[in-house]
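Engineer: Using only what follows, build the 3D model:
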Amino acid sequence: MSFAFPTSADTGTSDSPHKAFCAAASHRIHPKDITGERAELRYTMHNKITCIEYDAFMDEFVPEPVPQPSSSSSSSSLSSSATPTNASTNYNLRSRSRSRCVSGSPPSQPPTTNPLKSVPLPKTEVDMYDTIISALNKADLCPGYQFASTPHKGDPSEDTKQAVDCGLYPSSAIPRLGITEDGGFGRTDWLSVEIAIECKMHATDHDPFDERMVNEEPNAETRRSVLGQILSYMELIFRRQQRTFQFMLLFIGGYARIVRVDRSGLFATKKIDYRAEGNKLAVFLWRYSRLSAALRGHDTTAVRLEPDSPEAQRMRDRVKTVAPDDYVAQAFKNLLDEEWAWWKLTVPDEVDATKSRVFLVAKPHFQAPGVVGRATRGHIALEATPGAGDDFVYLKDAWRVVVDTIQKEGVVLEKLRENDVPHVPTLVCHGDIAGQRTVSQAVWPKYHPGEECKLKEHQHYRLVVKEVGKPLDQFENGYELVLALWCCITAHAQAYEIGVIHRDISAGNLLLYKGEDGWEGLLNDWELSKELDQQTEEGRQPDRTGTWQFMSARALNNHTKTIVVQDELESFFHVLIYLAIRLLPHNCEESEVPQLLYDYFDDYTPHTTGHGCGRTKYNVMCSGIIALGAYNRKKAAAKGEVLKFFFPGQPETSVETTGQATGDPAARPVSTTADSNVPIPEPKLEHPLNHIIQKLLSWFCAYYALQMDNPSKPAPRKEDSGDEMDGFMRIKARAKARAQKRVNATHPSSSQAAPALSGDDSSDEDDAAPQQSGRGKLQRRADRLNSHAAVLNVLDDALTKKGWPKADRCPDKKPKKGWRPKQLDQVPKAATIQQSRKRGSEVLDNPSSSPSKRSRI
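Structural biologist: Residues are numbered from 1 along each chain as shown. I've put the predicted structure just below:
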């Protein structure tokens, strides 16, 4: 068994990695920060906001219900205790060609009066919590629901403790809000709120939308802050509930807006004077409360489990006793968080279209941030189907981008397995969730005639795989890290051989999996992969794919660049450097490691066309060295010093002199070769990583030098041939056997050999700096990156011939609570702080913040 404890995203998530400071990226060095996250949410909504007239909004998204003959009520994704009481009358929504059956309250007429007519203009925001909410409750518009004010107390199960001012809740959920008998304010409950309601004092200064602007996004900093704030509340509802879309009410001074958002974009009504036209809000609420769960935006293929249900008890029983080495069961046990909802999820089986399968999940192991985008969730799951057994599987829930050139991930995994590609997940089942596709992108062109639509179409999709792996950053030692990297590059190479390129290599997508010969690597998350013959010379749209920290420097500087094999190999290299700097001993001063991580992986270069690669990563690729002169300033000989790794307990200076370790011999790690248990002589203690890094950087440096003159073209698909080959040896033999099996199946009458897993390491090359060599030598070195073989050979050579320390892993040098780079100007810039006692509302976006880069689209 094994799949992913993925830590990236989508990366994240969301639409683009090509932005600044990646506030929500899991690999960032920055600490978690509401200000940065709100700025990022705002940026990912760029060009995705549309304000339309109220009547058009209602016709598009909330058509008038028409009574239909009674039938069984629609299922709800909410538990019975959280579902409003509905009578048996069903309704059909008439809107263009749509025919949608809903269940609702007994027949009644839509309201014609204005329940907010007598509400006075507010003097403070607190006035709005009382007057508006009281008026709406008295109007009795929503049977089975109740309005509540929750401005000051955040949900205790959320780290940020953010609280939305008010909300519409199922009546059964009101007791959980802790509202006192004297009418005091309650506590926000993100799991059960149906419609979030936010109140602001100023109709213009606090309006998050500006209809004067072409993209209807505000420029004023206070207004931008409000936009980030309401998006963060929408994100929390998406995070805690199983939603396909959601509505929000926004009261700003004497005006209101109705907002709808799905994973593609956001629509809002133009401002409504609620004291004069409050009947418009009343009609919206009346219609909303009579819709089925599906039409209110709930995913009805997700059923919330009651704590005392047989399914919930089975989940607890499965991990009542956990073996010390059962990392999957222990991880599942840790996710049985009673403060989060547990769910029963239905997954269509496109492998066997005659059935669907049901799985039990608790708190997500991984959840990509964001409001729009793929919104990937990862769960360790148990199958609920009778007779399925108690094996854990990994369930991925995402809103995949609907593009002709991108296949469903399950289809890609089927192809990889059919062709015996090793070190990739094993498909269990997958499929699109029927009727759950975004509509914003379909409505958008009607209100932007003649413009290119920036919104993407997303389809709700689930995938289940057999393997449950663990993050690569949990490697035991440097040898295991490089072995896992070799496995993943082998998977990438053999996929490339059959015409598939991954396009999202990151530390979160390379996993450790316990196979038959011990721990090995697993390359997962093929969602953004493409067929090579579908690749265009330039990407069709910018900001398409990747995880910022690990994208190649050239891809970061060219947002429409076609991803080629050299970019992918460079991403593998960046993963190696990222984890090695964090978790292996080296000669960079420990106090300066956070700065190095930030400069290399998080930094960016501002540009009028968008943010580009940070200077440090680009300089490393161009110079062929990772210089430490800017970081090891305490050392007298820091100038010219480059990053070097060494054995534990070994003085840093010995790496560049004798390589001899000092100290207590008994405390020193014993290093051996892969072929024997004979200790390596102490004078030769050169860490194998240094050779790997030096060799690969010499090739990347040559490649970048030549690219300055000649733009890259996609590399040929055919892999180099070369020489052939104890756990690593067995893993390697299995991978080679699979490759040969694939060749035999394709050419049954041929004696053709499979492409080599490693190539000739070109021993005729010296290690002189590329710039000191002739153009021919530069070309030979750059050509090593035309395929995977030479890179695999470097790793192969290190794994089989070099001496490795058995225990070189050290404590993580990435600060647990994050780290911020020091600013030259520490004087705070002007910002408007909202006068509200509500928790979280005092945190406004920094006016100097650049639009942030998302870790993944």
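
Engineer: for the stretch 401-550 of the chain, what spans make up the helices?
Structural biologist: In the stretch 401-550 of the chain, helices defined by DSSP state H, counting those that start in this stretch lie at 409-418, 440-443, 478-497, listed in chain order.

Engineer: sec struct for Val347, please.
Structural biologist: Look at Val347: counting by DSSP: H, G, I helix; E, B strand; the rest coil, its state is strand.

Engineer: is it in a bridge, and if so with what?
Structural biologist: Arg357 (DSSP bridges).

Engineer: The host helix or strand of Leu556 packs against which elements?
Structural biologist: For Leu556, the enclosing helix or strand under DSSP states H and E is helix 553-557. Judged by 3 or more C-beta pairs under 8 Å, 6 or more residues apart in numbering; DSSP states H and E, the packing partners of helix 553-557 are helix 565-583, strand 612-613, helix 615-623, helix 688-707. Using the backbone N, CA and C atoms, a C-beta is placed for each residue, glycine as well.

Engineer: Who are the packing partners of the second one?
Structural biologist: With contacts defined as 3+ C-beta pairs under 8 Å, 6+ apart, the packing partners of strand 612-613 are helix 553-557, strand 604-605.

Engineer: What pairs with it, parallel or antiparallel?
Structural biologist: As assigned by DSSP bridges, strand 612-613 forms pairs with strand 604-605 (antiparallel).

Engineer: Send me stretch 355-367 as PDB with only the CA atoms.
Structural biologist: Coordinates of the C-alpha atoms in stretch 355-367 are reproduced here as PDB (Å, rounded to 0.1, in the frame of the first residue of the first chain):
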ATOM      1  CA  LYS A 355     -20.700   0.700 -10.100                       C
ATOM      2  CA  SER A 356     -19.500   3.400  -7.700                       C
ATOM      3  CA  ARG A 357     -17.600   3.000  -4.500                       C
ATOM      4  CA  VAL A 358     -17.900   4.600  -1.100                       C
ATOM      5  CA  PHE A 359     -15.100   5.600   1.200                       C
ATOM      6  CA  LEU A 360     -14.800   6.800   4.800                       C
ATOM      7  CA  VAL A 361     -12.600   9.800   5.600                       C
ATOM      8  CA  ALA A 362     -11.900  12.100   8.500                       C
ATOM      9  CA  LYS A 363     -10.000  15.400   8.600                       C
ATOM     10  CA  PRO A 364      -8.100  16.000   5.300                       C
ATOM     11  CA  HIS A 365      -4.400  15.000   5.500                       C
ATOM     12  CA  PHE A 366      -3.800  17.800   2.900                       C
ATOM     13  CA  GLN A 367      -5.900  20.700   1.700                       C
END
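
Engineer: hang on, the earlier thing: out of the helices of the stretch 401-550 of the chain, which is closest to Thr112?
Structural biologist: helix 440-443 (27.8 Å; C-beta to C-beta).

Engineer: list the buried ones in the closest one?
Structural biologist: Using 16 or more other C-beta atoms under 10 Å as the burial criterion, the residues of helix 440-443 that qualify are Ser440, Gln441, Val443.

Engineer: Likewise for stretch 31-38?
Structural biologist: Asp33, Ile34, Thr35, Gly36, Glu37, Arg38.

Engineer: for the helix or strand harbouring the fourth one, packing partners?
Structural biologist: Yep, that's Gly36 we're talking about. Element membership for Gly36, per DSSP H and E: helix 34-44. Contacts defined by 3+ C-beta pairs under 8 Å, 6+ apart place helix 34-44 against helix 221-240.

Engineer: so the closest residue to Pro111 other than its chain neighbours, which of the three states?
Structural biologist: Spatial nearest neighbour of Pro111, chain neighbours left out: Ala282 (4.2 Å); criterion: C-beta to C-beta, 6 or more residues apart in numbering. Put simply, Ala282 is helix when judged by three-state DSSP.

Engineer: Touching, Glu527 and Arg400? I think so.
Structural biologist: Yes: between Glu527 and Arg400 there is a contact under C-beta atoms under 8 Å: 6.5 Å.

Engineer: overlap in contacts of the two?
Structural biologist: Between them, Glu527 and Arg400 share these contacting residues under C-beta atoms under 8 Å, 6 or more residues apart in numbering: Arg374, Ile406, Glu409.

Engineer: Name all residues that make contact with the second one.
Structural biologist: In other words, Ile406. Ile406 touches Arg400, Glu527, Leu528, Ser529, Lys530, counting by C-beta under 8 Å, 6+ apart.

Engineer: returning to that earlier point: Glu527 and Arg400: who's more crowded?
Structural biologist: Between Glu527 and Arg400, counted using other C-beta atoms under 10 Å, Glu527 has the larger neighbour count: 26 against 22.

Engineer: pLDDT score for that one?
Structural biologist: Looking at Glu527, its pLDDT is 94.

Engineer: who are the neighbours in contact with it?
Structural biologist: So Glu527 contacts Arg374, Thr376, Ala398, Arg400, Ile406, Glu409, Asp504 (C-beta under 8 Å, 6+ apart).

Engineer: which among those residues gets closest to Leu706?
Structural biologist: Asp504 (25.8 Å).

Engineer: So Ala163: helix, strand or coil?
Structural biologist: Recorded secondary structure, Ala163: coil (three-state DSSP).

Engineer: what's the spacing between it and Thr180?
Structural biologist: Computed as C-beta to C-beta, to the nearest Å, the Ala163 to Thr180 distance reads 16 Å.

Engineer: And for Asp504?
Structural biologist: 50 Å.

Engineer: Between those two, point out the one with more neighbours.
Structural biologist: Higher neighbour count among Asp504 and Thr180: Asp504, with 27 against 8, using other C-beta under 10 Å.

Engineer: Without its sequence neighbours, what residue ends up closest to that one?
Structural biologist: Going by C-beta to C-beta, 6+ apart, Asp504 has Leu528 as its nearest residue, at 4.6 Å.
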